[in-house]
Structures are given as C-alpha cells and as structure tokens.
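# Whatever this is, show me its structure:
(one chain, ligands or ions: 1)
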Amino acid sequence: MGRLTNHQSATVSEDQILAALRQVQEPELGGDLVSRQMVKHIAICDGIVRCTIELTTPACPLKDQIRSEAEAAVLAVPGVREVHIEFTANVRRPAGIPEQSAIPGVANVIAVAAGKGGVGKSTVAANLAVALAQMGAQVGLLDADVFGPSLPLMLGVRGQPMAVSDANGQPMMLPLSNHGIKVMSVGFLIDESQPVIWRGPMVSQLLRQFLYQVAWAPLDYLIIDMPPGTGDVALTLAQSLPLTGALIVTTPQQVATIDVIKAMEMFRKVNVPLLGIVENMAYFIAPDTGKRYDIFGSGGAERLAQQLGVPVLGQIPLGMSVREGGDNGQPAVISDAPDAYADIFRELARQVAARISVLQYAMV
Ligand SMILES: Nc1ncnc2c1ncn2[C@@H]1O[C@H](COP(=O)(O)OP(=O)(O)OP(=O)(O)O)[C@@H](O)[C@H]1O
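Residues are numbered from 1 along each chain as shown. A predicted model of the protein is given here:
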C-alpha cells in the first residue's frame, strides 16, 4: 500500500478507511478490496474522503455494486462527511501465456470462433470489440477469417495499412482504426472482388505477421475473428496463438450439432480455456407487438453449457438493425435503435471481461 497518499484530518485516519474497505468484497473474484490490493489511493481532507480503486477491467460488470458498498462502508466511519470513489483499471496478461509467444504490449488475446459459417461470429466479434472500447478498454480486432474477411465492411474501415519501422528498425504495419478500435484484416491487402486461393502455410505465415508485425500495442484485449470450423487454419491458429481464451458463437439450430462440439474440443485439446458460449439469433422480438418468438427453439445453449461446464455469456436476439449495422459499417452497439440490442452486446462484453478477470486470478 506504499502508493497511498494521505492528507489526514484530525478525526479520520487512513487506517480507518482501509479497515472499512476491508469489509467490502470483490464480488466476482472473492477477497476484500484491500487484500486484493485494489485500493490505490486514499485522500482525506476535512471529513471528505477520495479513494481510487483499481479494477481488473474497465468493463467490470459489478462496478456499481463495488461503488455503493465501498461508499457505504467508508461513510460508516465516524467523522466521514462525504466519499468519492474513482475507478481505474489494470488489465493484466494471464500467467499461463509464455513470454516468448506473448504479443508485446497486448494483455489478452481472445478467439471468437464458431463451428460453422454464417452464425454471426464476425458480428459478435465486431460488437464485442467496440463495446469493450466504449467502456474504456484499449481494443484491437484481427480478422483471421482469411477466406471471407467481412470486418472491413462491418466496421466501415477501408484503406491500406501504412508500413513503418519499430524502435529496432523492424518493419511494422500500422493497423487501421474506426469506432475506437484498431483493426487489421486481409481484406485491406487484397482485392475483395477476386477469389483468394490460400494454402495453409501461407495463411499461417500471414497471420503470424498480423499478430507480431502489426503495431497493436498497447492493448487490453485483442479479439480474433477466427475462420469458421475446425479445419487446418483454425486448428493451427488455436494451437499457435497466445490465447487467453475462446468464445464459441452458435445459433439455436446449431447448438447441439457436432460442429459446435468439435470447435469446443479443438480449444480444449490445445489447452485454451473456453470462456463461454454466445447464442446468436437466440430469439426474435416483434417490433410491432413486442412479443418474443423463439423461432429456432429455446434452452439449447443452456443445456450444452451445462453439459460442457462452460457458461452462456450472452443471448443476442435477431434484429434488423444488427444486420443493417453490419452492412453499413456501423456496428449495432453504437446504435440506439431498439432492435440493435446495444445493451445486450454491452452486457456480453462485461461478462467476457469478467470471465477473463476470473481466469487470470484462477491461474495466479
Ligand atoms: N443477431 C443478428 N440479427 C440479425 N442479423 C444478424 C445477427 N447476427 C448476424 N447477423 C447477420 O447474419 C449474417 C452473417 O453474420 P456474420 O458475417 O457475422 O457471420 P459469420 O459467422 O462471421 O459468417 P462467416 O463465417 O461467413 O464469416 C450477416 O449479414 C449479419 O449481419
């Protein structure tokens, strides 16, 4: 706690405030705020207390709960008239990633994968990335779906990445950016109207360059839009990427299929933690009546999740604005149209960030 600074008044001491904050638990990770070394700064002046609490992610879903419990605990200290809680965040790299394969300056690499094409993997990856950035995280998005790069269109990013040299004179590409995130896609380098014939080793080589020769740093989260399925390219990527974890996107029709199970098994085999399942196109809400229709059935993702011991981190409805946003380069999460479901995408981002924080602490 050496960094604490303390302008003490006669009546309230820093020790009293720390004792109060020891009563407040970190709801997700367990342990109290002081033992978890989350209290970074305390200032006390004339009964007014200012505290800075460092979270494990700016997208912490329980920030409001922590704030109100910390406020109540500090206000209960005799002599405290007012309390102001501020938050900072320090997103850390999981302990399990070997130093040599880590991407310098990138804390977490998250794979967004699917058993099959067309389930909305890129839509989820793009909205997740933008939602995390909206919450204050530094985010990059790598389109590794080399056979059907859709992110340039979905994010409205065009142009050629500039080549620069890093501090050691090594060539680096500057990622393009839009909606607050850095983006890299094979779509920036090829003529999208021409079919691309990629062979496995070429793809691996290209993706290595996209990981290690792109000026990503500093990033809290690098989201990878994986190629669909469990083919060679997906497997090589799952094996060689310094992944914090993987998200599996599915739809209710696909949920119990062998493709989804295979995609999950692929990550399990190469020891990449499964963060959870995202069920996309989970239901439809009629815009005129507000009635919910489970067009493709319901409960499948939950059953699969229980069977495999991973959580469902989000259920995204079918929404016209989700599709339109994807076609117009305006991801749904920046829209306020009711059927863009921005809140649902943001909640997904909070859940993903929380799972990563929990994983990090489980590994330490
Ligand atoms: N929740 C949703 N509501 C409405 N449309 C959606 C939703 N999710 C995805 N879509 C639309 O479905 C189509 C396929 O989505 P997307 O490209 O994200 O799938 P994908 O799994 O990445 O496909 P591929 O593997 O071919 O890249 C797109 O037109 C997208 O806008």
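
# what residue ranges in this structure score low on pLDDT?
1-10, 95-100, 192-198, 200, 256, 362-364 (pLDDT under 70).

# Helices of that one, start to end?
14-21, 63-75, 121-134, 151-155, 200-212, 232-240, 258-269, 300-308, 320-328, 342-363 (DSSP state H).

# Kindly reformat these as a markdown table and extend each row with mean neighbour count.
C-beta coordinates here come from the backbone N, C-alpha and C atoms, glycine included. Formatted as a markdown table, the helices of the chain follow (neighbours: other CB atoms under 10 Å):
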| stretch | mean neighbour count |
| --- | --- |
| helix 14-21 | 18 |
| helix 63-75 | 17 |
| helix 121-134 | 27 |
| helix 151-155 | 24 |
| helix 200-212 | 16 |
| helix 232-240 | 18 |
| helix 258-269 | 18 |
| helix 300-308 | 17 |
| helix 320-328 | 17 |
| helix 342-363 | 21 |
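
# Go through those and name the closest to Phe284.
helix 320-328 (9.8 Å; CB to CB).

# from the chain's centre, how far out does that closest one sit?
Helix 320-328 sits 21 Å away from the centroid of its parent chain (CA atoms, centre = their mean, to the nearest Å).

# try stretch 268-275
Taking mean C-alpha positions (CA atoms, centre = their mean), stretch 268-275 and its chain are 17 Å apart.

# Give me the residues contacting that stretch.
Residues outside stretch 268-275 that contact it (CB atoms under 8 Å, 6 or more residues apart in numbering) are 110-111, 235, 238-239, 243-248, 264, 267, 308, 310, 313, 352, 355-356, 359.

# how long is it end to end?
Stretch 268-275 has an end-to-end distance of 11 Å (CA to CA, to the nearest Å).

# nearest spatial neighbour of the residue in the stretch 151-300 of the chain that the ligand sits nearest to, skipping sequence neighbours?
Proximity of the stretch 151-300 of the chain to the ligand (CB to the nearest ligand atom) peaks at Pro228, 4.0 Å away. Distances taken as CB to CB, 6 or more residues apart in numbering put Gly117 closest to Pro228, at 4.1 Å, once the chain neighbours are dropped.

# List the contacts of the one you found.
Counted by CB under 8 Å, 6+ apart, Gly117 has contacts 148, 228-229.

# Just the buried ones among those, please.
Among the contacts of Gly117, those scoring as buried are 228-229 (criterion: 16 or more other CB atoms under 10 Å).

# will you turn the contacts of Gly117 into a markdown table that also has distance to Leu132?
As requested, the contacts of Gly117 are arranged in a markdown table below (distance: CB to CB, whole Å):
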| residue | distance to Leu132 |
| --- | --- |
| Gly148 | 24 |
| Pro228 | 22 |
| Gly229 | 26 |
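
# so which of the contacts of Gly117 would you say is closest to Gln330?
For these, the nearest to Gln330 is Gly148 (20.2 Å; CB to CB).

# What spatial separation is found between the residue lying closest to Gln65 once chain neighbours are set aside and Tyr221?
In space, and not counting its chain neighbours, Gln65 is closest to Pro27: 5.9 Å by CB to CB, 6+ apart. Computed as CB to CB, to the nearest Å, the Pro27 to Tyr221 distance reads 21 Å.

# Around the ligand, pick out the residues from this protein.
114, 117-123, 145, 148, 150, 228, 280-281, 316, 318-319, 322-323, 326 (CB under 6 Å from any ligand atom).

# Filter the residues you listed down to the ones in strands?
Using DSSP state E, the members of those that fall within strands are 114, 280-281, 316, 318.

# By neighbours, which of those residues wins?
Ala114 (30 neighbours; other CB atoms under 10 Å).

# Which strand residues bridge that one?
Beta-bridge pairing for Ala114 (DSSP bridges): Val249.

# wait, what's in contact with it?
120-121, 226, 228-229, 248-250, 254, 260, 263.

# what do you get if the cut-off is 7 Å, keeping everything else the same?
Neighbour list for Ala114: 121, 228, 248-250, 263 [criterion: CB atoms under 7 Å, 6 or more residues apart in numbering].

# Let me know the closest of those residues to Glu14.
Nearest member of the contacts of Ala114 to Glu14, counting by CB to CB, is Ile248, at 46.4 Å.
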